[in-house]
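Enquirer: okay, here's the prediction I keep looking at, along with the sequence it came from:
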Amino acid sequence: MPNILMIHLQKIHFNVETLMNEKVGDKYEFPTHLDMKNYMINSIAEKHGIKDPELHKYAENDSKNFEYRLVGVIIHQGVADGGHYYSLICTDSNIHDPKQKEWLPTENMKWTEFNDTDTRDYNFRSNFQDDCFGGKSNSYGPALPSEFQSWGG
């Protein structure tokens, strides 16, 4: 597994009836901590009782760490064919306390919103679910700020 794992959620689909791309506005929650060990070939084979000596050729070292923590999110505001992106990034340099065996809680870390030339402190605990999980609008995406109302419309 890589040191940094990037996951992209494809939340746009092509509507064959309208012949247009549409943004999927359904709510989709994702964790702030992800353990990929259960998705590795050795774990899957063991779960299903498969004992194939050939699997070791494809399996990564079981002693490796397969845990990841969320350190950034890119958010799209707008419709499928236009809009605006901004980022939420964990800017806390003390992401992992070497004295502790566990990671520090994500919601207690320092987060910053990067939106073009504007940067500001971001309250992860209060705003993260509303800003990142979607589900507040129809399939055409959330309401746009006035400066983007004409995009993709």
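Expert: Received, thanks.

Enquirer: assumed Gln77 was part of a helix.
Expert: No: assessed by DSSP: H, G, I helix; E, B strand; the rest coil, Gln77 does not belong to a helix; its assignment is strand.

Enquirer: distance of it from Ile12?
Expert: Remark: distance between Gln77 and Ile12 (Cβ to Cβ, to the nearest Å) = 14 Å. Quick note: C-beta positions are derived from backbone N, CA and C, even for glycine.

Enquirer: now do the buried residues in the worst-scoring helix or strand of the chain on mean pLDDT.
Expert: In the chain, no helix or strand scores lower on mean pLDDT, DSSP states H and E than helix 41-47, which sits at a mean of 80. Neighbour counts over helix 41-47 (16 or more other Cβ atoms under 10 Å) mark Asn42 as buried.

Enquirer: all strands in this structure, in order from the N-terminus.
Expert: Per DSSP state E, the chain carries strands over the ranges 12-15, 20-23, 33-35, 67-69, 72-79, 82-90, 111-115, 118-122.

Enquirer: can you list the strands that the fourth one pairs with?
Expert: In other words, strand 67-69. Here strand 67-69 is paired, per DSSP bridges, with strand 33-35 (antiparallel).

Enquirer: quick one: residues in contact with the partner strand.
Expert: Outside strand 33-35, the residues that touch it by Cβ atoms under 8 Å, 6 or more residues apart in numbering are Leu5, Phe66, Glu67, Tyr68, Arg69, Leu70, Trp103, Thr106.

Enquirer: greatest separation within those residues: which pair is it?
Expert: Phe66 and Thr106 (17.7 Å; Cβ to Cβ).

Enquirer: out of these two, which sits in the busier spot?
Expert: Thr106 (19 against 16; other Cβ atoms under 10 Å).

Enquirer: shouldn't that one be in contact with Gly72?
Expert: No: applying Cβ atoms under 8 Å, one finds Thr106 not in contact with Gly72, separated by 11.2 Å.

Enquirer: shared neighbours, those two?
Expert: Contact criterion Cβ under 8 Å, 6+ apart; residues shared by Thr106 and Gly72: Cys90.

Enquirer: neighbours of Met6, how many?
Expert: 8.

Enquirer: where does the prediction get shaky in this structure?
Expert: Within the chain, the ranges that satisfy pLDDT under 70 run 56-64, 93-102, 136-153.

Enquirer: check it for its longest helix and report it.
Expert: Determined from DSSP state H, the single longest helix within the chain is helix 124-132.
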